[in-house]
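Novice: After the sequence you'll find the predicted model.
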2 protein chains.
Amino acid sequence: MAAARSVRRAAPAARKPTYHHGDLRRALTQAAIALIAESGPEAFTLREAARKVGVDHAAAYRHFADKRALLVAVAEDGFVTLADRMQRALAGVAPDLPEARLQRLSGAYVRFALAHPSQFQVMLGPRLNEDGRFPSLEAAIAQPFGLVRDEMARAVATGAFAPADPRELAVGLWTLAHGYATLVLSRRIVTRSQKKALDYFAAQAARMLAGLR
Amino acid sequence: MAAARSVRRAAPAARKPTYHHGDLRRALTQAAIALIAESGPEAFTLREAARKVGVDHAAAYRHFADKRALLVAVAEDGFVTLADRMQRALAGVAPDLPEARLQRLSGAYVRFALAHPSQFQVMLGPRLNEDGRFPSLEAAIAQPFGLVRDEMARAVATGAFAPADPRELAVGLWTLAHGYATLVLSRRIVTRSQKKALDYFAAQAARMLAGLR
DNA sequence: ACCTGAACACCGTTCAAGT
DNA sequence: ACCTGAACACCGTTCAAGT
């Protein structure tokens, strides 16, 4: 809170009364991501994001219907990053090693959650889209999930895994990764280090994947 | 919000100026549980709980250090109920059928989450105890987890499952149940009915447990 | 010991008014 | 079209004062 105030005072002369922003929507989203990373989603305030950008808080309503719409923008940004991380995690792992690839995908999921705990909470924590506004959110989450499903489909098709619905198998692995991430973040599972937490998850995932052969 | 106001007006004459409560702490906790069940944890307000009980909102601070302390009381109540449900789920299942018993335990966990989504969110959603206040919360969660761990230990001891650390196995099943519950509650996993959701989880749990033999 | 009443510093949201 | 300024109805928290 004191930190928030100092941000306000940080650039007293630099902030000329140039009340125009090229892309205020984007600026507010980035400010929200930064503030949430600092203090968590609970403490996040629309007014503080506006302050950080140097704009009247009412100006935000020209770009977002309400506070939740701004949080949705934060979540969508997170899903793009997550999909990117998962995709990159596959680099250099041969296509005919489905278990290794699924290990990488689910590991990247957990790693993202631990690296960006606050943003992850916004993405998958509260029921952001419970009323069905924001269909773009559903689209954003479909991409990382699709990576897992495709891999499962290949594993079943090549006979590496026993015959089963790939979608169902993907949900199972996703569920394990998601449950693990949330339990670590809420300190229900405590490990000595972040690396230990990832190793521990890898063992759990290995056990599950071995059961699918 | 309109509903909240009508509650206030519901008993205008019945509420005599008898400003004394036998157990205001308990009354506030119960009011909080009811309000959270109605409108979700995000919308919950300390002031509204006080209103519902018919007391000045400042009176709450005589019994709870702050709003979070009240939410902790809500969570603890939930863990007691959860442990009870899990225990009851074991009734009539022979001790020498560990997979069936673990199915019951994890199924009861998911069933509780779906039956009491808002309270479940308070119990395991935000980082209620991230600063280590409220050690009683840790104690409350240890009991339901212990049920799963004990069952895993017996399964390994009797040779039903392959040799492994029972605690690690318990974490795995808990993780699956927890991930599934949260993904259903946040509508990432959508099923036609509540029963379908439970059946679907049972299949996932069966797959995992089969892998432990 | 327990509760009230008033106050403080904040919110999210709305809306007329400015440029 | 985009933003400001002021206002509204709310919070969580504190504290003197009442009984």
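Specialist: Sure thing, it's come through.

Novice: can stretch A:80-92 be found next to chain B?
Specialist: No: interface with chain B: stretch A:80-92 contributes nothing (CB under 8 Å from any CB of the partner chain), its closest point being 13.1 Å away. C-beta here means a position set from N, CA and C on the backbone, and glycine is covered the same way.

Novice: Now that stretch: buried residues?
Specialist: A:81-83, A:85-86, A:89-90 (16 or more other CB atoms under 10 Å in any protein chain shown).

Novice: Is it possible to get CSV of these that adds secondary structure and distance to residue B:166?
Specialist: Compiled in CSV, the buried residues of stretch A:80-92 are given as follows (DSSP: H, G, I helix; E, B strand; the rest coil; distance: CB to CB, whole Å):
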residue, secondary structure, distance to residue B:166
A:81, helix, 37
A:82, helix, 33
A:83, helix, 36
A:85, helix, 33
A:86, helix, 32
A:89, helix, 31
A:90, coil, 34
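
Novice: contacting residues around residue A:45?
Specialist: residue A:35 (CB atoms under 8 Å, 6 or more residues apart in numbering or on different chains).

Novice: So for it, what's the pLDDT?
Specialist: Confidence at residue A:45, expressed as pLDDT, is 97.

Novice: Next up, phi/psi of it, please.
Specialist: phi -130, psi 130 (degrees, to the nearest 10).

Novice: picking that back up, and of the buried residues of stretch A:80-92, the nearest to DNA strand D?
Specialist: Using CB to the nearest atom of the strand, residue A:81 is the member of these that lies nearest DNA strand D, at 25.7 Å.

Novice: For residue A:132, see how far away the closest residue in space to that closest one that isn't next to it in sequence is.
Specialist: In space, and not counting its chain neighbours, residue A:81 is closest to residue A:112: 7.2 Å by CB to CB, 6 or more residues apart in numbering or on different chains. According to CB to CB, to the nearest Å, residue A:112 stands 26 Å off from residue A:132.

Novice: the more surrounded of these two?
Specialist: residue A:112 (25 against 9; other CB atoms under 10 Å in any protein chain shown).

Novice: Quick check: chain neighbours aside, which residue is closest to residue A:178?
Specialist: Nearest residue to residue A:178, sequence neighbours excluded (CB to CB, 6+ apart): residue B:179, at 4.2 Å.

Novice: element containing that neighbour?
Specialist: Assigned by DSSP states H and E, residue B:179 falls within helix B:166-185.

Novice: ok, back up a step: confidence score at the residue nearest to residue A:81?
Specialist: pLDDT, residue A:112: 98.

Novice: so where is chain A shaky, pLDDT-wise?
Specialist: For chain A, the stretches with pLDDT under 70 are A:1-21.

Novice: how is it carved up into domains?
Specialist: A:19-64, A:72-210 (automatic domain parsing).

Novice: Just say which of those domains is most tucked in.
Specialist: Most buried of those by mean neighbour count (mean count of other CB atoms under 10 Å in any protein chain shown) is domain A:72-210; its value is a mean of 18.

Novice: Just the endpoints, please. Distance across that domain?
Specialist: Domain A:72-210 has an end-to-end distance of 37 Å (criterion: CA to CA, to the nearest Å).

Novice: Which positions in chain A make contact with DNA strand C?
Specialist: A:1, A:4, A:44-48, A:57-58, A:61, A:66-68 (CB under 7 Å from any atom of the strand).

Novice: Out of these, which comes closest to residue A:157?
Specialist: residue A:68 (40.7 Å; CB to CB).

Novice: quick one: contacts for that closest one?
Specialist: Contacts of residue A:68 (CB under 8 Å, 6+ apart): residue A:128.

Novice: From residue A:74, how far out is it?
Specialist: 10 Å.

Novice: Next: residue A:189.
Specialist: 25 Å.

Novice: the inter-axis angle of the helix or strand hosting residue A:150 versus helix A:166-185?
Specialist: Assigned by DSSP H and E, residue A:150 falls within helix A:135-157. Interaxial angle, helix A:135-157 versus helix A:166-185 (axes from the mean of the first three to the mean of the last three CA atoms, to 10 degrees): 120 degrees.

Novice: Can you give the distance of helix A:135-157 from its chain's centre?
Specialist: Counting by CA atoms, centre = their mean, to the nearest Å, helix A:135-157 is centred 15 Å from the centre of its parent chain.

Novice: where does chain A come near chain B, residue by residue?
Specialist: A:40, A:42, A:121, A:124-130, A:141, A:168, A:171-172, A:174-180, A:182-183, A:185-189, A:200, A:203-204, A:207-208, A:210-212.

Novice: swap the cut-off to 6 Å and go again
Specialist: A:127, A:172, A:175-176, A:178-180, A:182-183, A:186, A:204, A:211 (CB under 6 Å from any CB of the partner chain).

Novice: want to throw the residues you listed into TSV with distance to DNA strand D?
Specialist: Shown next, in TSV, are these (distance: CB to the nearest atom of the strand, whole Å):
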residue	distance to DNA strand D
A:127	19
A:172	38
A:175	33
A:176	35
A:178	29
A:179	29
A:180	31
A:182	24
A:183	26
A:186	20
A:204	37
A:211	46
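
Novice: Which of these sits closest to DNA strand C?
Specialist: For the residues of chain A next to chain B, with DNA strand C as the reference and CB to the nearest atom of the strand as the criterion, the closest is residue A:127, at 15.2 Å.

Novice: Now do the contacts for the closest one.
Specialist: Contact analysis of residue A:127 by CB atoms under 6 Å, 6 or more residues apart in numbering or on different chains lists residue B:186.

Novice: Let's verify it: helix, strand, or coil?
Specialist: For residue A:127, the reduced secondary structure class is coil; criterion used: DSSP: H, G, I helix; E, B strand; the rest coil.

Novice: I'd assumed residue A:161 was in contact with residue A:155.
Specialist: Yes: the pair residue A:155 / residue A:161 is scored as a contact, 4.3 Å apart, by CB atoms under 6 Å.
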